[in-house]
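J.: Quick check, what structure comes out for this input:
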Amino acid sequence: MSAHCCAHSHRYSSKYPERDARYRRVLWVVLAINAAMFLVEIGAGLAAGSVSLQADALDFLADAGNYGISLLVVGAAPHLRAKAALIKGTTMGLFGLWVIGVTAWHAVEGTLPHAGAMGAVGFAALLANAAVLALLWAYRSGDANMRSVWLCSRNDVIGNCAVLLAALGVFGTGTGWPDVIVAAVMGLFALQGASLVIRQAASELQQVRAAVSAE
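T.: Numbering: from 1, shown residues only. Okay, here's the model as predicted:
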């Protein structure tokens, strides 16, 4: 069956070559945006002592990697796209676990981040992710691979808004707890998105295997 599946993939050609070409161009643009914002935000997050900014920066890095994987499988056979989505879903889950772990460490240490830097960088990240979300809007309801890209971008915008709220909270309370709480929520969002992507990808793989068995 495995050999049959591989042979089947060599004969596969995309049904939507023009759409795939447009999607590939969009992915290159959003990959560049995410890579650039990772460099900006990780430096600012470390300098400001903000765990939510650091979490958001690593989210940019994870998204850049996810977009790179998506570029490799645009127009590929369905089982390859589903397997790529499984990899991305697993990455999202690991990111969520890491964020929760680091958040717990900052909570114990009682770190007080710089609210001004959090607000400025968080707003820049929000603008970047809003642009990415607009570019990906037309591809929000595709297969598990496209859905994983959309969910990442949607969660990023939510996370950026939360970082801005955390900055206000840190400024208003003079404590790091708003930053810790927002980072924890971002971690949970990543775990939720990972669960959705993994479930859909697993379902698509089952459908492909059933189709191959029926042939």
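
J.: Leu94: neighbour count?
T.: Number of residues near Leu94 (other C-beta atoms under 10 Å) recorded here: 14. All C-beta spots, glycine's among them, are computed from the backbone N, C-alpha and C.

J.: any idea which element it lies in?
T.: Per DSSP states H and E, Leu94 falls inside helix 78-109.

J.: Counting by contacts, list what whatever helix or strand comes next after that helix packs against.
T.: Helices and strands here follow DSSP H and E; after helix 78-109, the next one along the chain is helix 115-136. Packing partners of helix 115-136 (3 or more C-beta pairs under 8 Å, 6 or more residues apart in numbering; DSSP states H and E): helix 17-48, helix 51-73, helix 144-173.

J.: can you list the residues that contact helix 115-136?
T.: 26, 29-30, 33-34, 36-37, 40-41, 44-45, 47-48, 50, 52-53, 56, 60, 149-150, 153-154, 156-157, 160-161, 163-164, 166-168, 170-171, 179 (C-beta atoms under 8 Å, 6 or more residues apart in numbering).

J.: Restrict those residues to the buried ones and give me that as a PyMOL selection.
T.: Selection of buried members from the contacts of helix 115-136 for PyMOL, criterion 16 or more other C-beta atoms under 10 Å:
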select buried, resi 26+30+33+34+37+41+44+45+48+50+52+53+56+60+149+150+153+154+156+157+160+163+164+166+167+170+179
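
J.: circling back: now the helices and strands packed on helix 115-136 as TSV including mean pLDDT?
T.: Shown next, in TSV, are these (pLDDT from 0 to 100):
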stretch	mean pLDDT
helix 17-48	87
helix 51-73	80
helix 144-173	82
